[in-house]
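Chemist: dropping a prediction and its sequence here:
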Amino acid sequence: MAQQRMPLWAAEADIDEDVDLHLAIGNYGQNGHYEDAPMQQPQIDEATLMAMQQHMAQQAAFAQIPDVVKAFIVHFHQAVLDNNLAEITVAYESGWNKYTEKFYSRTEWPEAEVIAPLVNDDPIFLILYRELYYRHVYSRLQPNIDDRFHSYENSCELFNYLLNSEGPVQLELPEQWLWDIIDEFIYQFQVFCTWRSKVKSKTEDELMMLAEGGPVWSSYSVLNVLYSLIQKSRINEYIVAQQEGKSPEEIAEIVGEYGQRPLYRMLGYFSIIGLLRVHVLLGDFTLALKVMENVELNQKSPFTRVTACHVATYYYVGFCYIMLRRYPDAIRTFVQVLNFIMRMRQYHTRSYQYDQISKTADRMYALFAICNALSPSRLDDNVANISKERYGEQYAKMARGGEDSLAAFEELFLYACPKFITANPPPYDDPAALALLIPPSPTDSPTQTPAPLPSVDPTHRHLSLFLADVAAQVQVPTLRSFLKLYTSLGAKKLANFLDADEEEIVQEMMLMKQVSKSVSRVPGSEKGLLDGQTITTSDLNFVIADNMVHIAESTIGRRYAGWFIKNTERTQRIFDDLRSTPLPQPPKTAPPAAATAMPAPAAGETHAKASRAGGQKVAWGAVKAA
């Protein structure tokens, strides 16, 4: 027989006896104060919490990026990976500016850490992206102290990657971008130096960061980068070898593996222009022209391929000539580049740097007016006329001379000069010395607070040096106007005309003879920009003998060849415009049924006159006037 199964309820007693329930379920629920006991939270350190919060913020920022911008960044990154110069150029000059205007005209682009997943955390592309990011912050927004420090760090990372790699980096960038990298590096250095020198406006945190900043944006670090790029690329040796007509094989052996790469060659070349700018900003005009010793100012030089670099080079070279009192060279420099800008104006409007080029051109017209007032010449009538149209009032005062002219010279100089900087920062690491630079507040007692040290702005320092030279010759235009009226004149009579002593007039005339001489480059004979010969810049010469002033005026004839060529080109342009203009359509003629018979011409009346009276056409394209 089969064994009978015990009912379930009958087996409960045996379960209670054989199984210890405390071992099976423990003391779960036995504690009377269970509901009051707090649950232990997992322990997270502060660094992990901040990282999680930062990650969540990056995810939120990434979600806010428009899809077209994400696609653009991916495409941009792929073009950089492939070294596709055509695609990089389009993305850099067109795409970046288009999306900036559309999405980020008043705000920052996404940070590099936010877009890093789109580019697989590519460190090189992220460095290039940060370069564009901080350039946008400086140009469209107001950078804070963190932006200033981080932009310097990113620039150091970029140049360390280019200079300290085991060999030439496999990276290709457009020449326009390479110039913008050097130009923006110097611009941010200039802006930082100007901001750093304003001690009074700094907060306590900014003062602390500047005291601990060390070599951030120091003049030495900036000059070191530029000179290192020049030495690494051996660009000066490359220029000299090309001028000597050496073969490509010889040039390749001279410049080495770095100099053969277009990236390093153009960075070295643009670094020369950058050194020109930095030395001008620091006030060393002779050294600024010295570093340009091997660069030729002509239309075949490599810097002409980038319009912004072309214009900047001539601007700083011309300004150096002004501060060295070589006004004829400055005039020749400005005329050359201003004529280039006028010829290429229709192409400049397509460039995203059109506004910058136009502003630099306006400043050069102002500098040209200064030079033309100090050393009158008729090198180019077009540039002179435009300069007089824009700054006619100031030019009239400067050309007239006298004490009133100094205000006009000062106005144009402050408008057109570079924004000079001070090489050394204020002593932020020495609170006692820094306190002397901060002016006391009105509530402070003069006996408790030491008098502040006089601080001279570098721009006004150079202005005072320039005006001191101008003030010495303010009477030259007046003296010149009297001398042009005579061929011989007594010194005493001339002194009576000018209400001055005879000895003083002789000194003024010696000064006039001195300022009419200048060192100038002779085209075709001098190589360096500092080379030149002493020439006479005035068409008025005189000698003093036996208290008599003998005057000889030399008249420069009109340059008919240049005038003829200029007007021939103008006539050709007018003719081309007329040929491209379509002819006017003649009005529809009346139906034949409505036509009336032409009356016979009267006696003595020509047939042509009768035809005009009848309203018929007398020549092709001509119709009856209403």
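Modeler: It's in.

Chemist: give me the domain ranges for this structure.
Modeler: 475-556, 558-576+608-626 (automatic domain parsing).

Chemist: which of the ones you listed has the lowest mean pLDDT?
Modeler: Sorting the domains of the chain by mean pLDDT places domain 558-576+608-626 lowest, at a mean of 60.

Chemist: re earlier: right, so the domains of the chain: which one is the most enclosed?
Modeler: Stretch with highest mean neighbour count among the domains of the chain: domain 475-556 (a mean of 14; mean count of other CB atoms under 10 Å). C-beta: built from backbone N, CA, C; applies to glycine.

Chemist: how about N541, phi and psi?
Modeler: Torsion angles at N541 (phi, psi; degrees, to the nearest 10) stand at phi -120, psi 150.

Chemist: now do the same for the residue nearest to it when sequence neighbours are not counted: helix, strand or coil?
Modeler: Closest residue in space to N541, ignoring its immediate chain neighbours: A552 at 5.0 Å, by CB to CB, 6 or more residues apart in numbering. Reduced to three states with DSSP: H, G, I helix; E, B strand; the rest coil, the structure at A552 is strand.

Chemist: wait, A552 touches D539, no?
Modeler: No: if you go by CB atoms under 8 Å, A552 and D539 don't touch, sitting 9.7 Å apart.

Chemist: which element is V543 on?
Modeler: strand 540-545 (DSSP states H and E).

Chemist: strands paired with that strand, and their directions?
Modeler: If you go by DSSP bridges, strand 540-545 pairs up with strand 548-553 (antiparallel).

Chemist: what stretches of the stretch 351-500 of the chain score poorly on pLDDT?
Modeler: For the stretch 351-500 of the chain, the stretches flagged by pLDDT under 70 are 351-352, 437-456.

Chemist: so where do the strands sit in it?
Modeler: For the stretch 351-500 of the chain, applying DSSP state E, counting those that start in this stretch gives strands covering 488-490.

Chemist: count the residues that sit near Q176.
Modeler: The local packing of Q176 (other CB atoms under 10 Å) involves 19 other residues.

Chemist: quick one, what contacts L374?
Modeler: L374 makes contact with Y327, M398, V470, Q473, V515 under the criterion CB atoms under 8 Å, 6 or more residues apart in numbering.

Chemist: how many residues are close by the third one?
Modeler: Counted with other CB under 10 Å, residues neighbouring V470 total 19.

Chemist: now it, nearest residue through space, not along the chain?
Modeler: Nearest non-adjacent residue to V470 (CB to CB, 6+ apart): F409, at 5.2 Å.

Chemist: got it, and the fourth one?
Modeler: Leaving aside its chain neighbours, Q473 sits nearest to V515 (5.0 Å; criterion: CB to CB, 6+ apart).

Chemist: how close does the one you found get to Y486?
Modeler: Counting by CB to CB, to the nearest Å, the gap from V515 to Y486 is 20 Å.

Chemist: same question for Y354.
Modeler: 51 Å.

Chemist: do R573 as well
Modeler: Taking CB to CB, one finds R573 at 46 Å from Y486.

Chemist: touching, P215 and S221? I think so.
Modeler: Yes: with contacts counted by CB under 8 Å, P215 reaches S221, the gap being 5.2 Å.

Chemist: which of these two has more residues huddled nearby?
Modeler: Higher neighbour count among P215 and S221: S221, with 16 against 12, using other CB under 10 Å.

Chemist: contact partners for the more buried one?
Modeler: C156, P215.

Chemist: same check on the one 4 residues further on?
Modeler: The contact partners of V225, taken as CB under 8 Å, 6+ apart, are S155, F159, F185, S271.

Chemist: now, among the residues you listed, which is nearest to Y316?
Modeler: S271 (14.0 Å; CB to CB).

Chemist: surely that closest one and K232 touch.
Modeler: No: judged on CB under 8 Å, S271 makes no contact with K232 at a distance of 9.5 Å.

Chemist: what about those two, which has more around it?
Modeler: Looking at S271 and K232 with other CB under 10 Å, you find the greater number of neighbours at S271, namely 26 against 19.

Chemist: please report how far the more buried one lies from G167.
Modeler: Between S271 and G167 the computed distance is 20 Å (CB to CB).

Chemist: cool, and H462?
Modeler: H462 is 44 Å from G167, by CB to CB.
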